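1. Build me a structure from this.
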Amino acid sequence: MFRRLGFHFDEMVLALVVWLCSLPLVAFVVIPLFGLKVAGVVAVALFFIALVVCWGSCGWKALKS
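-> Numbers count the residues shown, from 1 in each chain. I've put the predicted structure just below:
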């Protein structure tokens, strides 16, 4: 069953690394302009965007195989 679903943990790790690497950018750009609360919302939004891209990539590969 797991082989058919095509779990690809490398995409999950890549999404997490991209999100972690975007956090300093959020810190340097968003915090001075808008404050900590908005920066937190932006960081969480970026996390969910990375998850959606990851799930889309994994889902596409699962349907393709």
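
2. middle-most residue in this protein, spatially?
-> A50 (2.0 Å; CA atoms, centre = their mean).

3. same question for stretch 14-26, mean pLDDT?
-> Averaged over stretch 14-26, pLDDT sits at 91.

4. starting at the chain centroid, how far to the single longest helix found in the chain?
-> Looking across the chain with DSSP state H, the single longest helix is helix 36-64. Offset of helix 36-64 from its chain centre (CA atoms, centre = their mean, to the nearest Å): 4 Å.

5. got it, and stretch 25-44?
-> The chain centroid and the centroid of stretch 25-44 are separated by 17 Å under CA atoms, centre = their mean.

6. Show me where the chain dips below the pLDDT cut-off.
-> Within the chain, the stretches with pLDDT under 70 are 1-8, 60-65.

7. Try it again at 50.
-> 1-2 (pLDDT under 50).
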